[in-house]
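Undergrad: Quick one, fold the following:
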Amino acid sequence: MRISTKSTFDIGSTQINNLQAALTRSQQQLSTNRRNLTPADDPIASSRALEVLQSQSINTQFVTNRSNARNFLSQEELALKSSGDLIQDVQELIVKAGSGGLKDIDRGSLATELEGRLNDLLAIANTADGAGGYLFSGFKSTTVPFSPTATGATYQGDQGQRVLQIGSARTIPTSDAGSTVFESNMTGNGTFVTAAAAGNYGRGGAGIISGGTVTNPAALTGHQYSIDFTVVPGVPTNTTTYLVTDTTLGVPVPSPATPVPYVAGQSISFDGMQLDIKGVPANGDQFTLAPSAKESVFKTIKDLVGVLRSPAEGAAGQARLSNSLGAIHKILDTAYDNVLSVRSEVGARMKEIDYLESSGEDLDLQYATTLSDLQDLDVVKAISLFTQQQTTLQAAQKSFTSMSNLSLFNYIS
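TA: Model (predicted):
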């Protein structure tokens, strides 16, 4: 078989180029630590790797979302803690204001201190979230939640709860509406609220009504009631009786009307409710019962300021003070419990974020392992192949040099 010189050069050049290309590919694999340099190297593995990379990217975004959610909830938790502490301070002032040794001027000083507490609470309720919005304004994040008014404060946000997706199948609230935190406080005992009529003080009445309890939920009517006192002068003592009236229906309870002799501190029970009245009611004095309603804590504190600035001298004044402070203290108890409840929910959300954070780290490790299996190079095997290819290329180059010198012209002198 005759082989031309041109064929020898062409075949040798082609082989060397192929060996160099293979060596270059191995070098690229080693430098990138990637088995597949292009999707054509392994279409199935490349497609699967793309899916895993997308999932890994989404998981990374969830990490960012969890971090943002934790920041928002941490700020809210701090604001709720401050609110609870402030409400407790106000409750301590109520106890102090109820002391019989204080004079009107002393209670006026407490009222001035309470106005400062009210401003502090408003500032907490209007806490910024560090992202250009406010913690307690709902979906209206850029709106200041509360504005002060003559009766306390007005809520300007909405009822929305902002949420963030922190997992593939989990979204979590990162805020609470200010109305939920500060305006959902039930008056009275949560079912009904008792109060002394404003006219009792002018008549010199010194009756003090309790907050009352529910004795039979099935018997509750949700109606409004009044307890009216009649005092008939007598010797040696006056005769005091009372009559309970369902003012919603305009009928006495029980019917027919039967005045009941008043005994201070004795339980008064009707329609599933029970309460007692102490002290000395005056003729014509009236006490009322009504269904509990929601009240803003700002209105409660504002009302408290007004109570402390009202005269409280004498038995009638002390009775009015005791009735008002007792009612306000109950609302503040509810307000404190409500803040604690929301704070507990915030804590539960933060705990869930911690759990999902741990789960997300495990998932990220799993994605990294899968990507490694699909893409990473077997370095030992690749180095062995690279060495073999290098040796083969060197041998090819030397043999090509020898072959290229086998020409008849080299022997013609």
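
Undergrad: Break this protein down into its domains, please.
TA: Using automatic domain parsing, the domains assigned to the chain come out as 7-33+377-403, 54-187+331-363, 199-291.

Undergrad: and those as TSV, adding mean pLDDT and distance to residue 322?
TA: C-beta here means a position set from N, CA and C on the backbone, and glycine is covered the same way. Formatted as TSV, the domains of the chain follow (pLDDT from 0 to 100; distance: least, CB to CB, whole Å):
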stretch	mean pLDDT	distance to residue 322
domain 7-33+377-403	72	81
domain 54-187+331-363	92	7
domain 199-291	94	5
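
Undergrad: name the helices or strands packed onto the host helix or strand of residue 50?
TA: Following DSSP states H and E, one finds residue 50 within helix 43-97. Helices and strands touching helix 43-97, as assessed by 3 or more CB pairs under 8 Å, 6 or more residues apart in numbering; DSSP states H and E, comprise helix 104-125, strand 163-167, helix 178-182, helix 297-308, helix 314-375.

Undergrad: One more pass at 7 Å, please.
TA: Packed against helix 43-97 by the contact rule (3 or more CB pairs under 7 Å, 6 or more residues apart in numbering; DSSP states H and E) you find helix 104-125, strand 163-167, helix 297-308, helix 314-375.

Undergrad: Wait, residue 110 touches residue 308, no?
TA: Yes: at 5.4 Å, residue 110 and residue 308 qualify as touching, with contact defined as CB atoms under 7 Å.

Undergrad: so the helix holding residue 50 versus helix 104-125, what angle?
TA: Helix 43-97 runs at 170 degrees relative to helix 104-125, counting by axes from the mean of the first three to the mean of the last three CA atoms, to 10 degrees.

Undergrad: got the angle for helix 43-97 vs strand 163-167?
TA: If you take the same axes, to 10 degrees, helix 43-97 sits at 130 degrees to strand 163-167.

Undergrad: so helix 43-97 versus helix 314-375, what angle?
TA: Using the same axes, to 10 degrees: helix 43-97 against helix 314-375 is 170 degrees.

Undergrad: Number the chain from 59, please
TA: Got it, the first residue is 59 from now on, which makes the last one we talked about helix 101-155.

Undergrad: and helix 101-155, how far from the chain's centre?
TA: 9 Å (CA atoms, centre = their mean, to the nearest Å).

Undergrad: Kindly report the same for stretch 253-262.
TA: Distance, centroid of stretch 253-262 to centroid of chain: 43 Å (CA atoms, centre = their mean).

Undergrad: Now it: buried residues?
TA: By neighbour count on 16 or more other CB atoms under 10 Å, the buried set for stretch 253-262 is 253-255, 258-259, 261-262.

Undergrad: if we can go back for a sec, if we compare the domains of the chain, which one ends up closest to residue 428?
TA: For those, the distance to residue 428 is smallest for domain 112-245+389-421, at 9.0 Å, taking CB to CB.

Undergrad: List the strands paired with the helix or strand harbouring residue 334, with their directions.
TA: Using DSSP H and E, the element containing residue 334 is strand 331-338. Here strand 331-338 has these sheet partners by DSSP bridges: strand 264-267 (antiparallel), strand 271-272 (antiparallel), strand 325-328 (antiparallel).

Undergrad: Show residues contacting it.
TA: 250, 252, 264-268, 270-273, 322-326, 345, 347, 377 (CB atoms under 7 Å, 6 or more residues apart in numbering).

Undergrad: could you flag which of those residues are buried?
TA: 250, 252, 264-268, 270, 326, 345, 347, 377.

Undergrad: which two from these end up farthest apart in space?
TA: The largest distance within the buried ones among the contacts of strand 331-338, taken as CB to CB, falls between 250 and 264 and amounts to 23.2 Å.

Undergrad: tell me which residues of stretch 357-368 are tucked away?
TA: Buried, per 16+ other CB under 10 Å, within stretch 357-368: 357-363, 365-366.

Undergrad: excluding its backbone neighbours, what's nearest residue 384?
TA: residue 269 (6.5 Å; CB to CB, 6 or more residues apart in numbering).

Undergrad: pretty sure that neighbour is touching residue 248, no?
TA: No: using CB under 7 Å, residue 269 makes no contact with residue 248, being 9.9 Å away.

Undergrad: Of those two, which one has the most company?
TA: A side-by-side neighbour count of residue 269 and residue 248, using other CB atoms under 10 Å, places residue 269 first with 18 against 15.

Undergrad: which element is the closest residue to residue 74 other than its chain neighbours on?
TA: Nearest residue to residue 74 in three dimensions, chain neighbours excluded: residue 454, at 5.4 Å (CB to CB, 6+ apart). In this assignment (DSSP H and E), residue 454 forms part of helix 437-462.

Undergrad: And residue 303, by the same measure?
TA: strand 297-304.

Undergrad: Given that strand, what are its sheet partners and their directions?
TA: Strand 297-304 is paired, per DSSP bridges, with strand 283-290 (antiparallel), strand 309-311 (antiparallel), strand 318-319 (antiparallel).

Undergrad: looking at those, which is buried most?
TA: strand 283-290 (a mean of 19; mean count of other CB atoms under 10 Å).

Undergrad: Export it to PDB, keeping only CA atoms.
TA: Only the C-alpha atoms of strand 283-290 are listed here, as PDB (Å, rounded to 0.1, in the frame of the first residue of the first chain):
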ATOM      1  CA  TYR A 283     -81.000  46.800  82.700                       C
ATOM      2  CA  SER A 284     -81.400  49.400  85.400                       C
ATOM      3  CA  ILE A 285     -81.400  49.100  89.200                       C
ATOM      4  CA  ASP A 286     -83.400  51.900  90.700                       C
ATOM      5  CA  PHE A 287     -83.300  52.800  94.400                       C
ATOM      6  CA  THR A 288     -86.000  54.200  96.600                       C
ATOM      7  CA  VAL A 289     -85.200  55.500 100.100                       C
ATOM      8  CA  VAL A 290     -88.100  56.100 102.500                       C
END
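
Undergrad: and it, how far out from the chain's middle?
TA: 47 Å.

Undergrad: Identify all contacting residues around that strand.
TA: 296-305, 311, 317, 320, 326, 339-347.

Undergrad: could you redo the last one with a cut-off of 8 Å?
TA: For strand 283-290, contacts defined as CB atoms under 8 Å, 6 or more residues apart in numbering pick out 263, 265, 296-306, 311, 317, 320, 326, 328-329, 335, 339-348.
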